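In: the following block contains a protein sequence and its predicted model.
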Amino acid sequence: MQHDIIISGFGGQGVLFAGQLLAYAALAEDKHVTWIPSYGPEMRGGTANCTVIISDEEIGSPLVRNPTAALVLNPPSMARYEPLVKPGGVLVLDSTLVEQRSARTDIHQIALPAKDIAQELGYPQIANVVALGALVTATGALKMETLEKVIEKKTAKRREMLAANLEALWRGALIKN
């Protein structure tokens, strides 16, 4: 099975880091993976996105034109990527920042207040991890336990945030609207 995923939002929202977490978790599960970041020259505040392909077999091309899943963290990303999600795919959006909802009936849409949940946990910058939990659960692309281990390893320098990151991951995973 192959999962073609786009993660997009403003620079500074942890878009690229969320993609890296997926890529490292895929490697930990011995899957084939590509991760391609893209961001404007402004970085923080400009548009940022990344594509992640996770596959059980070799990946023929790292390009993602019609993702099987999209995680959008801001309105411009919703406008750009929602129409591209393949029928039967998954759209995860942060309803704290993205008011628009998809009118499509051929995709599974999960609108969760990722930034609000992250603020409850004391770290508004981990909204990306909340949304990632929802994405991984909805797609089944990876095991949540693998992602937990990757988060533990990748946040080693910020140990004070580990418990909040793990809580954020599982809070997102439990939302299934």
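Out: Received it, and whenever you're ready, just let me know what you need.
In: show me the strands in the protein, by range?
Out: For the chain, strands defined by DSSP state E occupy the ranges 2-10, 32-39, 47-55, 69-72, 90-94, 108-112.
In: packing partners for the fourth one?
Out: In this case it means strand 69-72. Under the contact definition 3 or more Cβ pairs under 8 Å, 6 or more residues apart in numbering; DSSP states H and E, strand 69-72 sits against strand 2-10, helix 75-81, strand 90-94, helix 127-139. In short, each C-beta sits where N, CA and C put it, glycine included.
In: and the last one, what's buried?
Out: Translated: helix 127-139. Neighbour-count burial for helix 127-139, counted by 16 or more other Cβ atoms under 10 Å, picks out 127-139.
In: also stretch 1-16?
Out: Neighbour-count burial for stretch 1-16, counted by 16+ other Cβ under 10 Å, picks out 3-11, 13-16.
In: any idea what sits nearest Leu147, other than its immediate chain neighbours?
Out: Ala25 (4.7 Å; Cβ to Cβ, 6 or more residues apart in numbering).
In: TSV for the helices and strands packed on strand 69-72, including mean pLDDT and distance to Asn165?
Out: Shown next, in TSV, are these (pLDDT from 0 to 100; distance: least, Cβ to Cβ, whole Å):
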stretch	mean pLDDT	distance to Asn165
strand 2-10	96	16
helix 75-81	95	22
strand 90-94	98	16
helix 127-139	97	5
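In: will you turn these into a markdown table that also has distance to Leu166?
Out: A markdown table is the format used below for these (distance: least, Cβ to Cβ, whole Å):
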| stretch | distance to Leu166 |
| --- | --- |
| strand 2-10 | 19 |
| helix 75-81 | 26 |
| strand 90-94 | 19 |
| helix 127-139 | 9 |
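In: ok, the buried residues of stretch 1-16 vs Tyr39, which is closest?
Out: Gly11 (5.6 Å; Cβ to Cβ).
In: tell me the spacing between the residue minimising distance to the centre of the chain and Leu21.
Out: By Cα atoms, centre = their mean, the mean C-alpha position of the chain lies nearest to Leu132, the distance being 4.1 Å. From Leu132 across to Leu21, the span is 6 Å (Cβ to Cβ, to the nearest Å).
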